[in-house]
Each structure stands twice: as C-alpha cells, then as structure tokens.
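Asks: sequence and computational prediction follow.
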2 protein chains.
Amino acid sequence: MIKLSIFYPNTEGKNFDKDYYINKHMPLSIKLQGEAIKNVQVDFGISGLPGTKATYIAICHFIYDSYDAFDAAFMPHAEILMKDIANYTDIETIVQFSEVKLNLNEL
Amino acid sequence: MIKLSIFYPNTEGKNFDKDYYINKHMPLSIKLQGEAIKNVQVDFGISGLPGTKATYIAICHFIYDSYDAFDAAFMPHAEILMKDIANYTDIETIVQFSEVKLNLNEL
C-alpha cells in the first residue's frame, strides 16, 4: 500500500478554513478519485509535546494500492483539485509518498 | 479519536534502523500499550513531489479513543520506550497530537 500525505504547516498569519476543507474540498477529492482510494484520514493538529503547538494545522492521508493507482486516480483531476486549494488555505503544503509498512489490522 | 504521530525527519548523516524499528521497537510499544491502541500505522518515506526526497524517513501514527486513553497506556511505559529509541535512531523526532476528523470508513 502507498500513502500520499499532505501536510499543512501551522504557520502564524496563514489561514486554513477547516469547515470548507472537511465539507467541500475533501468530499470533492474523494468523489473525483473514486474507488482507487482505499482509506483517507484527515488530522487536525491539537498540540505538540506538552506546552508546544502542533507542527501541522492539518494533515491528510490517502491510501492507494500502488503509486500507479494514485497516478490514474489523481492526475486526471489534479488541476481542479489544486485550484480548489486557494478556497481554503494560503499555506504552502508539504507532500510525501510513503510505503505503509505496518498496519495494526494486519498484525 | 486522537492520533499521536511521531515524525522522523529525513536528515542527511543521521541513522534510522528500519529493521529494528519494525521488528523490535514497534512490537514492544504495541505490546506494552495493549488494547488502548485502536490502530497503528508506520509509514516509510519514499519521496516528496517528483524529483524531491521524502521529508520524513519514517512516521508512526497511534490512534486512541482519547488523550486520557493515551496517557494511561503510554506514560507507565514511557521510560522504557524512550530509552529504546537510541537502539534504532539518532534523529530528533517531532511529536504531534491530532484529532482524527475524517476517516473514510466512517463516510
């Protein structure tokens, strides 16, 4: 399994509209990508270690069977999805592809 | 649901023993924390955007029912688990607590 993680750094002075993200952007992204998405989670940062703020205000994780599955599902809709980002944030994202090496359900 | 994410930055010159992490540290952590862990995933970074390296060499995500559930499960074993880190890495970690706001299985 491959995971696409999109990190939104918790940067002072930047905006992130959680309501739009959860209720508009994510449903759009999930609908457009269809069954290629095996799982998706959105995390909203609460804190870092006690007394410190969260490094990321939000993180989104999509799981696909393979990089090719991501490519086939996402790329045809990349333009519309990238364009929609301006509707909820001006934060510069960090993007990472990972191999899901351990998953409790598989233990 | 609450998620504890532990990020290991992909820093040049630092070490991370993936084999020890997956086969020794994670099983120990899962065993000690017991049923409080609702899910755990380990991600090994592959890449960033095309042509760039992954920001994190590894990320671990634990899911608990609540912060209190984390506190009760983890803190009694914190010393032994923190001490074990030196056995697989010299990377300084980033720790974040998040609220899991969206989970595909709940859609």
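Replies: Here it is on my side, so go on.
Asks: which bits of chain A sit near chain B?
Replies: A:2-3, A:5, A:7, A:18, A:22, A:26, A:30, A:37-49, A:54-56, A:59, A:94-105, A:107 (Cβ under 8 Å from any Cβ of the partner chain). All C-beta spots, glycine's among them, are computed from the backbone N, C-alpha and C.
Asks: so which of those belong to helices?
Replies: Among the residues of chain A next to chain B, DSSP state H puts A:18, A:26, A:30 in helices.
Asks: for the residue positioned nearest the centre of chain A, list each beta-bridge partner.
Replies: Centroid check for chain A by Cα atoms, centre = their mean gives A:Cys60 as the closest residue, at 2.3 Å. On the basis of DSSP bridges, A:Cys60 is bridged to A:Ile6, A:Val42.
Asks: list the contacts for A:Leu49?
Replies: B:Val95 (Cβ atoms under 8 Å, 6 or more residues apart in numbering or on different chains).
Asks: distance of the residue located most distally from the centre of chain A from B:Gln96?
Replies: Using Cα atoms, centre = their mean, the residue of chain A lying farthest from its centre is A:Gly51. It sits 25.8 Å away. Distance, A:Gly51 to B:Gln96, by Cβ to Cβ, to the nearest Å: 13 Å.
Asks: okay, and the common contacts of those two?
Replies: Contact criterion Cβ under 8 Å, 6+ apart; residues shared by A:Gly51 and B:Gln96: none found.
Asks: tell me where chain A has strands.
Replies: For chain A, applying DSSP state E gives strands covering A:2-9, A:39-47, A:56-64, A:94-103.
Asks: partners of the last one in the sheet?
Replies: Strand A:94-103 sits in its sheet next to strand A:2-9 (antiparallel), strand B:39-47 (antiparallel), going by DSSP bridges.
Asks: any low-confidence regions in chain A?
Replies: A:105-107 (pLDDT under 70).
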